[in-house]
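# return atomic coordinates for the entry below.
(chains A, B, C and D)
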2 protein chains.
Amino acid sequence: MELEFVSRFKTGELSVDRGATIFLEGNHNPHLYTVLMGWAFRYKLLPDGRRQIVNYALPGDLVGLQGSLMGEMQHSVEALTPVILCVFEREKLETLYRNHPDLAFDVTWLAAQQEQMLDENLLSVGRRSALERAAYVLAFLWSRASTVAPKHGRFELPVTQRHLADTLGLSLVHTNKTIAKLVERRLVRWNGGCEVLDLESLQKIAKWSGMPDVQRPLV
Amino acid sequence: MELEFVSRFKTGELSVDRGATIFLEGNHNPHLYTVLMGWAFRYKLLPDGRRQIVNYALPGDLVGLQGSLMGEMQHSVEALTPVILCVFEREKLETLYRNHPDLAFDVTWLAAQQEQMLDENLLSVGRRSALERAAYVLAFLWSRASTVAPKHGRFELPVTQRHLADTLGLSLVHTNKTIAKLVERRLVRWNGGCEVLDLESLQKIAKWSGMPDVQRPLV
DNA sequence: CGTAGGATTGACCCGACTCAAGTTAAGTGG
DNA sequence: CCACTTAACTTGAGTCGGGTCAATCCTACG
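A predicted model of the protein is given here:
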């Protein structure tokens, strides 16, 4: 019955290519998406082009909630891999809150979880050294990826070093040198993508205890 | 009728002194608060003591939502001034979602707004220079303060340079030298607190266009 | 008068940035 | 199949923004 509503709530699917812009800062957009497949990233720009990647969106994540709630988007979103999105209409969000309190609760839950991730990220960028930071982001992304990736069988993070640099708040060159250190220590492997070999050591370097694993709602 | 519920939902008030810890990272706490008066700040620590202040809570802000939704607190909260909190019980949150969809909507709205602030902060710490960053935080805090402070009549931000340093992700010494530059330029005044004299110039330095002013819900 | 939290200042150092070449690998069109 | 392009990654040299260390000062307060 819930699922039935979710599908009525849904108005369509949208596929976008790698590199495509899903949302652009400053735009109004009547849609709200859920990622069904692929990776995207949220970022903000300064007028001179400096870019900060603020978080990544994986399958199950909501994209564009802020725009739906407060009108104008305050950040942009770009597809990191080919992405399939489930499209909702902003107006129906009210209906959802009125008729499906449990789903509304889940939406809030997702927003609060985003906040947690941002907090940890801010700690990282503000207070961790380059090596700690790199270790943190890779451990973080790997953990998130693991929740949606095949249980066994290898996979890679679909990021370039430019993405990492802009996530870490470091220059591209220094990011490269920092990752090289992690590769030397055999904690990760880099082949046009990143494979984490030793998650625990990364966490230890980053002084990070991992993500609290609570069961997430489906939405 | 809504207000009536809000007051039934409320279970009490709590006053805490400046410097008191309201939440401690890792704890479970059955309460959820709204700030009625005063300032608090949210922060995270690394095991060796490095601290990152992640955001500030002013009157009208929710404190402890994450703990309510996901169990364990992932950050700490400390009173920056004497603070009066309105106490809610975690369990009643469900009731609120079930019976007051509009209030539930407001809670989500607040969470999304937090997220926006964190995004901008992350941009700041990751990509802005020391001077830009300092200008940004002061402009940001001043804007927020203005929404709850007396319309005319002077006031000051109740922060020390240590707080700013931990917000900016800079050392205390460098923060001091950076603020000194802003004082020289007569953009702010420092007297054991900070008074902003020229908000626009700060925003310009920070390349920040200010907070989108939308009407916030009461809650 | 002594103490303590906060602010300030100067000297020195280092982590991260910039600049400037490379190298590699994957297209793409002739 | 090969020349050309382009995105991504590497590497080294030199510089600089911001960090650390160490005083010192100021003021409120007991």
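
# excluding chain neighbours, give the residue nearest to the residue of chain A found nearest DNA strand C in space.
Of all residues in chain A, A:His174 sits closest to DNA strand C, at 3.0 Å by C-beta to the nearest atom of the strand. Bear in mind the C-beta positions are built from the backbone N, C-alpha and C, glycine included. Nearest residue to A:His174, sequence neighbours excluded (C-beta to C-beta, 6 or more residues apart in numbering or on different chains): A:Ala130, at 6.2 Å.

# and for A:Arg154?
Using C-beta to C-beta, 6+ apart and skipping residues adjacent in sequence, the residue nearest A:Arg154 is A:Glu195, 6.3 Å away.

# the one you found - how many residues pack around it?
14 (other C-beta atoms under 10 Å in any protein chain shown).

# any idea how far DNA strand D is from the residue nearest to A:His174?
12 Å (C-beta to the nearest atom of the strand, to the nearest Å).

# residues contacting A:Val214?
B:Met70, B:Gly71 (C-beta atoms under 8 Å, 6 or more residues apart in numbering or on different chains).

# give the next helix or strand downstream of the lengthiest helix in chain A.
Assignment by DSSP state H gives helix A:101-127 as the longest helix of chain A. Using DSSP states H and E, the helix or strand that follows helix A:101-127 in sequence is helix A:130-148.

# state the distance from A:Gln161 to A:Val173.
Distance, A:Gln161 to A:Val173, by C-beta to C-beta, to the nearest Å: 9 Å.

# now swap in A:Thr167 and tell me
The value you get for A:Thr167 to A:Val173, if C-beta to C-beta is used, is 15 Å.

# which one's more surrounded, the two?
A:Thr167 (29 against 10).

# tell me the bridge partners for the residue lying closest to the more buried one once chain neighbours are set aside.
Nearest non-adjacent residue to A:Thr167, counting by C-beta to C-beta, 6+ apart: A:Ile53, 4.3 Å away. Here A:Ile53 sits in beta bridges with A:Tyr43, going by DSSP bridges.

# count of residues packed around A:Ile53?
26.

# same deal with A:Asp166?
24.

# also A:Gln161?
Neighbour number of A:Gln161 under other C-beta under 10 Å is 17.

# next, the spatially most central residue of chain A: phi, psi?
Centroid check for chain A by C-alpha atoms, centre = their mean gives A:Tyr56 as the closest residue, at 1.6 Å. Here is the backbone geometry of A:Tyr56 (degrees, to the nearest 10): phi -110, psi 150.

# quick check: the gap between it and B:Ile22.
A:Tyr56 is 31 Å from B:Ile22, by C-beta to C-beta.
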